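Asker: Please find the sequence and the predicted model below.
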Amino acid sequence: MTNFTPTYEMPPGSPPAEVDIDEALVRRLLQSQHADLAHLPLERFEVGFDNEMFRLGDSYTVRLPRRAAAVPCIENEQRCLPKLASRLPLPISAPVRVGVADDGYPWPWSIVPWIEGKAADLGYPSDDQAVVLAGFLKALHQPAPADAPANRVRGIPLSTRAENNEERMARLLEETDDINPQVYQAWAEALAAPEDTNPTWLHGDMHARNVLVNDGRIAAIIDWGDITSGDRATDLASIWMLLENQNARENAIKTYGNGDTALWARAKGWAVIFGVILLDTGLVDNRRHAEMGRCILERLTEDMA
């Protein structure tokens with residue numbers, strides 16, 4: 001049976017946690033399932049839409065779903081990432097230990113490596129990392145096996161996302177100046193482009209909070225909950241999500257080395273989707289996401305001029 005990634009659309013604001021996760025709970029889980037690590041210092045350092053993360057000692061991160069919709073995501077990470085890690089040119093957050101429901105916590109959870117760096121939106125990669133990003137994407141975008149996780153919102157034809165995206169764009173048009181003729185042009189050209197016929201492995205969610213940067217270098221690609229097989233244009237949108245300067249974006253496209261104009265039109269379309277979602281949801285209660293969305297749309301506007 002095919003494993004599915006959740007099919008929900010991003011909610012209007014940050015979703016509430018469905019289970020209380022604190023240091024005491026995580027410590028109990030470690031003591032009962034990974035006792036050799038339970039003595040290490042433990043500190044919460046990140047709360048995302050789907051998961052809470054705790055630093056464990058100097059070498060590990062504990063990653064726990066905070067709502068049921070994220071459970072298939074972490075299960076897909078546990079199943080797929082150890083197989084991919086060895087052939088990718090950058091570190092990824094592949095689980096080194098796994099946990100199960102126990103002691104007041106209802107879902108599976110993971111221990112992944114601690115990787116030094118900060119999320120890219122807090123310090124974007126330097127321009128020379130365009131080559132690194134393109135090389136990583138080329139290495140990832142290989143044919144996936146038949147049992148790769150399916151995903152109904154990533155790697156799919158853009159037409160299936162059109163209604164939701166255009167509703168968000170219309171709302172933002174009333175609230176901001178970030179939806180402009182260039183953004184509409186990028187979206188229209190993406191919808192008109194032929195669909196992809198060569199599905200590959202995808203990260204599925206390579207926005208700036210899922211890329212770690214250390215001293216300007218891309219240090220790791222994390223949070224693979226949307227891993228799937230599909231249109232590589234979904235991941236190529238990261239060129240507009242991560243690279244601040246137009247020359248760097250052009251260099252990434254050249255280094256990736258695919259001259260298919262339809263592919264790059266769809267990539268810009270996916271960048272529109274990510275920019276619109278992050279801005280639309282971020283304006284509700286997450287200024288950091290809103291700023292990420294604005295940056296994506298500004299870069300697209302520059303490149304469509």
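Answerer: Looks like it arrived, so ask away. Numbering: from 1, shown residues only.
Asker: Show me what the residue lying closest to Asn151 once chain neighbours are set aside bridges to in the sheet.
Answerer: Nearest non-adjacent residue to Asn151, counting by Cβ to Cβ, 6 or more residues apart in numbering: Thr228, 3.6 Å away. In this view, the C-beta of every residue, glycine as well, is placed from N, C-alpha and C. Going by DSSP bridges, Thr228 is paired in beta bridges with Leu202.
Asker: Next, count neighbours for Thr228.
Answerer: Around Thr228 sit 29 other residues, with neighbours defined as other Cβ atoms under 10 Å.
Asker: What does Arg249 show for phi and psi?
Answerer: The phi and psi values for Arg249, taken as degrees, to the nearest 10, are phi -60, psi -40.
Asker: Figure out how far stretch 67-85 is from the centre of its chain.
Answerer: 13 Å (Cα atoms, centre = their mean, to the nearest Å).
Asker: next one: stretch 124-144
Answerer: For stretch 124-144, the separation from the chain centroid amounts to 14 Å (computed by Cα atoms, centre = their mean).
Asker: do stretch 166-176 as well
Answerer: On Cα atoms, centre = their mean, the centre of stretch 166-176 falls 23 Å from that of its chain.
Asker: Sketch out the helices for the stretch 101-250 of the chain, chain order is fine.
Answerer: 129-140, 162-175, 181-192, 233-236, 238-242, 246-256 (DSSP state H, counting those that start in this stretch).
Asker: Who are the packing partners of the second one?
Answerer: What it means is helix 162-175. For helix 162-175, the elements it packs on are helix 181-192, helix 261-285, judged by 3 or more Cβ pairs under 8 Å, 6 or more residues apart in numbering; DSSP states H and E.
Asker: Show me what the longest one is packed up against.
Answerer: Here helix 261-285 is seen to pack against helix 162-175, helix 181-192, helix 233-236, helix 238-242, helix 287-304 when contacts are counted using 3+ Cβ pairs under 8 Å, 6+ apart.
Asker: Give the ranges of residues in the stretch 1-150 of the chain that sit below the confidence cut-off.
Answerer: Residue ranges of the stretch 1-150 of the chain with pLDDT under 70: 1-14.
Asker: Now tabulate the helices of the stretch 101-250 of the chain in a markdown table and tack on distance to Leu297.
Answerer: Formatted as a markdown table, the entries for the helices of the stretch 101-250 of the chain read as follows, by distance: least, Cβ to Cβ, whole Å:
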| stretch | distance to Leu297 |
| --- | --- |
| helix 129-140 | 19 |
| helix 162-175 | 9 |
| helix 181-192 | 6 |
| helix 233-236 | 17 |
| helix 238-242 | 9 |
| helix 246-256 | 14 |
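Asker: Distance to Met292 and mean neighbour count added to those helices, as a markdown table?
Answerer: What follows is these, written out as a markdown table (distance: least, Cβ to Cβ, whole Å; neighbours: other Cβ atoms under 10 Å):
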| stretch | distance to Met292 | mean neighbour count |
| --- | --- | --- |
| helix 129-140 | 16 | 20 |
| helix 162-175 | 14 | 14 |
| helix 181-192 | 15 | 18 |
| helix 233-236 | 16 | 27 |
| helix 238-242 | 7 | 27 |
| helix 246-256 | 16 | 17 |
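Asker: wait, which of those is closest to Val100?
Answerer: Across the helices of the stretch 101-250 of the chain, Val100 has its closest neighbour in helix 129-140 (28.7 Å, Cβ to Cβ).
Asker: Output the helices and strands packed on helix 261-285 as JSON lines; include the columns mean pLDDT and distance to Asp36.
Answerer: Conversion of the helices and strands packed on helix 261-285 to JSON lines gives the following (pLDDT from 0 to 100; distance: least, Cβ to Cβ, whole Å):
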{"stretch": "helix 162-175", "mean pLDDT": "97", "distance to Asp36": "46"}
{"stretch": "helix 181-192", "mean pLDDT": "98", "distance to Asp36": "50"}
{"stretch": "helix 233-236", "mean pLDDT": "98", "distance to Asp36": "36"}
{"stretch": "helix 238-242", "mean pLDDT": "98", "distance to Asp36": "37"}
{"stretch": "helix 287-304", "mean pLDDT": "97", "distance to Asp36": "36"}
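Asker: Distance to Arg27 added to those, as a markdown table?
Answerer: Shown next, in a markdown table, are the helices and strands packed on helix 261-285 (distance: least, Cβ to Cβ, whole Å):
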| stretch | distance to Arg27 |
| --- | --- |
| helix 162-175 | 41 |
| helix 181-192 | 47 |
| helix 233-236 | 36 |
| helix 238-242 | 35 |
| helix 287-304 | 29 |
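Asker: nearest to Thr261, of those?
Answerer: The closest approach between Thr261 and any of these, judged by Cβ to Cβ, belongs to helix 181-192 at 9.4 Å.
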